[in-house]
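>>> give me a 3D structure for the following:
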Amino acid sequence: MYGLKKLLTMEEERLQKLKQIVDPRLDLAPEGNLRITSSGKIVQYMRCTDESTKSKTQGTYIKKENKDLILSLAQKGYDQKIKRLVDKRLKQIQALNKDYADTEIEAIYNRMNDKRKSLVKPVEPTYEQLLTHWKSVPYVGKDFEDVKTEIYSKKGERVRSKSEKFLADMFYDMGIEYKYECPLHLKGYGIVYPDFTFLSKKTYEEIYWEHEGRMDDPEYVEKAIRKIDQYTKNNIISGKRLILTYESSTYALNTTVAEMLIKEHLL
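Below you'll find the model as predicted:
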């Protein structure tokens, strides 16, 4: 399952943080445990130790005025349960995380030599197989009738702006396959032409990149908002299958942000 390795690592980090909270608190916790008894509206707090348990006594009565001790023992009981669970889950997750890889099924096929591969049908298509098929599907992009300038990417494709060229060249240099302005039908809206379309290595789904380049043009912005909303209504959610970058006449494409988005979604 793609993405499980990342989730396992995130959960391990979360549990380690919890452990860093409860372990020091337990080191400083008072001796004994809290027992609470009630009869009607009367509540009593007892401090139980190993000795009181052995002698089958209820422990030592804690006066309500000693609120700090009551709170400390209550917190200790909670922290002990958290620690037991966290230690148990950490052991399980660390063992799985050490042994697991997102690509382990695909790797069995990829490690074969070409002659053996030709004799075997993988239980799941590999990413390279899917990518080859994806690239082979022809499409017709938007025309350039209203575009006067001619700008070409390193891939040799004509693009509409210097920013699109910058993005296309980044993808090319990083070995990321893409389709430029490949038509996409959004139900309830019609055909759109995402600036770039990718086949995700992680999910095997298509990911779309829209660069909104005239964000100080009110008419342009309104159209962009309507289009982005339609992506969402078609379950193409920003931050998941839709990547957005922005630009205006006074604010250029942020290259650092673009690199971060590439690393997060496309590598």
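>>> what ranges do the strands span in the stretch 101-250 of the chain?
151-152, 158-159, 179-180, 184-186, 190-192, 196-199, 206-212, 242-246 (DSSP state E, counting those that start in this stretch).
>>> let me know which of these is the nearest to residue 234.
Nearest to residue 234, of all the strands of the stretch 101-250 of the chain, is strand 184-186, at 4.9 Å by C-beta to C-beta. All C-beta atoms are positioned from the backbone trio N, CA, C, and that covers glycine.
>>> give the buried residues for the closest one.
Neighbour counts over strand 184-186 (16 or more other C-beta atoms under 10 Å) mark 184, 186 as buried.
>>> likewise for stretch 241-254?
Neighbour-count burial for stretch 241-254, counted by 16+ other C-beta under 10 Å, picks out 241, 242, 243, 245, 246, 247, 253.
>>> looking at the strands of the stretch 101-250 of the chain, which is closest to residue 75?
Across the strands of the stretch 101-250 of the chain, closest to residue 75 is strand 242-246 (C-beta to C-beta), at 44.6 Å.
>>> what's the following helix or strand after the closest one?
helix 255-265 (DSSP states H and E).
>>> who touches that next one?
166, 167, 170, 171, 174, 176, 200, 207, 243, 245 (C-beta atoms under 8 Å, 6 or more residues apart in numbering).
>>> by mean pLDDT, point me to the weakest helix or strand of the protein.
helix 50-54 (a mean of 59; mean pLDDT, DSSP states H and E).
>>> direction included, what does whichever helix or strand comes after that helix pair up with?
Scanning forward in sequence from helix 50-54 by DSSP H and E, the next helix or strand is strand 60-62. Strand 60-62 pairs in its sheet with strand 42-48 (antiparallel), by DSSP bridges.
>>> alpha carbons only: can I get the strand it pairs with in CSV?
Backbone C-alpha positions of strand 42-48 (Å, rounded to 0.1, in the frame of the first residue of the first chain) are rendered in CSV as follows:
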residue,chain,number,x,y,z
ILE,A,42,-19.7,11.7,49.5
VAL,A,43,-16.4,11.0,47.6
GLN,A,44,-13.3,9.6,49.3
TYR,A,45,-9.8,9.4,48.0
MET,A,46,-7.4,6.7,49.1
ARG,A,47,-3.7,6.3,48.5
CYS,A,48,-2.8,2.7,47.9
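>>> buried residues of that strand, list them for me.
So, applying 16+ other C-beta under 10 Å, buried residues of strand 42-48: 45, 46, 47, 48.
>>> wait, the third one sits on residue 73?
Okay, so that is residue 47. Yes - with contact defined as C-beta atoms under 8 Å, residue 47 and residue 73 form a contacting pair (6.4 Å).
>>> show me whatever sits in contact with both of the two.
32, 33, 34, 62.
>>> once you drop chain neighbours, what's closest to residue 191?
residue 183 (5.2 Å; C-beta to C-beta, 6 or more residues apart in numbering).
>>> let me see the contact set for that neighbour.
Residue 183 makes contact with 139, 140, 141, 191, 192, 193, according to C-beta under 8 Å, 6+ apart.
>>> kindly report the same for residue 69.
So, once contact is read as C-beta under 8 Å, 6+ apart, residue 69 ends up touching 30, 47, 62.
>>> tell me the pLDDT at residue 149?
Among the per-residue scores, residue 149 shows a pLDDT of 89.
>>> what does residue 3 give?
Value for residue 3, per-residue pLDDT: 81.
>>> wait, it sits on residue 201?
No - using C-beta under 8 Å, residue 3 is not in contact with residue 201; the gap is 10.9 Å.
>>> in ChimeraX, select just the buried ones from the contacts of helix 255-265.
One line in ChimeraX is enough to select the buried ones among the contacts of helix 255-265; burial here means 16+ other C-beta under 10 Å:
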select :166,167,170,171,176,200,207,243,245
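>>> turn the contacts of helix 255-265 into a markdown table, columns for pLDDT.
Listed next are the contacts of helix 255-265 as a markdown table, based on pLDDT from 0 to 100:
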| residue | pLDDT |
| --- | --- |
| 166 | 95 |
| 167 | 97 |
| 170 | 96 |
| 171 | 97 |
| 174 | 95 |
| 176 | 97 |
| 200 | 94 |
| 207 | 97 |
| 243 | 97 |
| 245 | 95 |
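>>> let me know the closest of the contacts of helix 255-265 to residue 100.
residue 200 (19.7 Å).
>>> if anything else comes up later, I'll come back, but that's it for now.
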